[in-house]
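Asks: one predicted model, sequence on top.
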Amino acid sequence: MARGMGERTRHPVIKRTMRWFNLIVVLVFVHAIDLAVAPAQDRMPAELYMLHVTATDAAARPLPGAEIRLDDEVAGITDITGQYYLARKPLPDGSHSVTASFPGFVTTSRTVARLSEISQSKTGRGVDLTLKLPKLRRPADVEVDRGAEPPRPNYDVVPVFYVTDREDTGNQNPVLRYSGERSRAATIAYGICEVTIPSTHVPGELESPSWLHFEYNPDPDKHVVLRSVQPLERDPFYVKLAAAVANSPKKEAVVFIHGYQNSFEHAARQKGKRRWRWRNRSGAAGE
């Protein structure tokens, strides 16, 4: 009798659990990954992409978050290694312009002649392009200490792989990129988002703006912030994910699954802080 009652009481729990999976976000976190370890060509076969752009400063340091444009249309932003892959798609004949821009740096463009040919090929190699963006010059009347090191940010940037069936709004604000509703076309979206963790982060906390402290906007120096969202095509996503796992010390990935009651932003921030804790594990408890 007791066994029968136990079976009946489990059914509502199972039904509620199944409903949670109607709208889920799967955030794939890779243990101790460093996307800058493997060269880009080792991670992405040249036959899979049409254009591979690497944005750097004048000293060849990567510029994560640089905006990439193709013929004056925004294609996407570079990842934490300063790279962006553009999948193959039909293009009109003729030359095409590729532009990289980043705040505080000179916008740089390059004309590419073979893109329309590559866009129609399934086996041809994609174009690899490096765009170096010089620093914008300061006004002549401002004294600059040439020997001083640029200030380091007071936060870490954590990359998080994600897979979601939520509606892609197309909004350039990463917080609003995915809504709380399932995709009307029943499509699955793939990509990498970046979460910033302040140097003052307290394990167990998810630092957010507080009106009590007169904070009205997210500040990466103080809060856990979803900084960017970079959607990817399915094949490039899995190529990057496989490469990240292969380059992780334990060859492992951790999958984080949560229910529909969390927003995409909240889930990404939660996963980002866990990724940061595992990467910087120092014996601290409580999270």
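Replies: Yep, it's here.
Asks: show me where the stretch 1-150 of the chain has its helices.
Replies: With helices called from DSSP state H, counting those that start in this stretch, the stretch 1-150 of the chain shows them at 2-20, 40-43, 115-119.
Asks: list the buried residues of the last one.
Replies: Just to be clear, that refers to helix 115-119. L115, S116, I118, S119 (16 or more other C-beta atoms under 10 Å). Every C-beta, even on glycine, is put in place using the N, C-alpha and C of the backbone.
Asks: wait, the third one touches G126, no?
Replies: Yes: the pair I118 and G126 passes the contact test of C-beta atoms under 8 Å, sitting 6.1 Å apart.
Asks: list the contacts for L91?
Replies: Shown in contact with L91 (C-beta atoms under 8 Å, 6 or more residues apart in numbering): L115, S116, S119.
Asks: thinking V158 is in contact with P198, fair?
Replies: No: between V158 and P198 there is no contact under C-beta under 8 Å: 11.5 Å.
Asks: more crowded one of these two?
Replies: V158 (25 against 19; other C-beta atoms under 10 Å).
Asks: would you double-check that that one falls in a strand?
Replies: Yes: counting by DSSP: H, G, I helix; E, B strand; the rest coil, V158 is located in a strand.
Asks: and the residue nearest to D156 when sequence neighbours are not counted, what element?
Replies: For D156, ignoring the flanking residues on the chain, the nearest one in space by C-beta to C-beta, 6 or more residues apart in numbering is I197 at 4.8 Å. Element membership for I197, per DSSP states H and E: strand 189-198.
Asks: per-residue confidence averaged over that strand?
Replies: Averaged across strand 189-198, the pLDDT comes to 91.
Asks: please name every helix or strand in contact with that strand.
Replies: Judged by 3 or more C-beta pairs under 8 Å, 6 or more residues apart in numbering; DSSP states H and E, strand 189-198 is in contact with strand 155-164, strand 225-232, helix 234-246, helix 264-279.
Asks: relative to it, what are the paired strands and their orientations?
Replies: strand 155-164 (antiparallel), strand 225-232 (antiparallel) (DSSP bridges).
Asks: in CSV: those, plus mean pLDDT.
Replies: Shown next, in CSV, are those (pLDDT from 0 to 100):
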stretch, mean pLDDT
strand 155-164, 88
strand 225-232, 91
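Asks: so which of these is nearest R110?
Replies: strand 225-232 (20.9 Å; C-beta to C-beta).
Asks: quick one: contacts of that closest one?
Replies: Contacts with strand 225-232, where a contact means C-beta under 8 Å, 6+ apart, come from 65, 76-77, 79, 84-85, 157, 168, 174-175, 177-178, 189-196, 218-220, 240, 265, 268-269, 272.
Asks: circling back to that earlier point, from the buried residues of helix 115-119, pick the one nearest P209.
Replies: Closest approach to P209 among the buried residues of helix 115-119 (C-beta to C-beta): L115, at 42.7 Å.
Asks: wait, the closest one sits on L51?
Replies: Yes: between L115 and L51 there is a contact under C-beta under 8 Å: 6.5 Å.
Asks: show me where pLDDT drops low in the stretch 1-150 of the chain?
Replies: When residues are selected by pLDDT under 70, those of the stretch 1-150 of the chain lie in 1-44, 46-47, 138-150.
Asks: no further questions, thank you.
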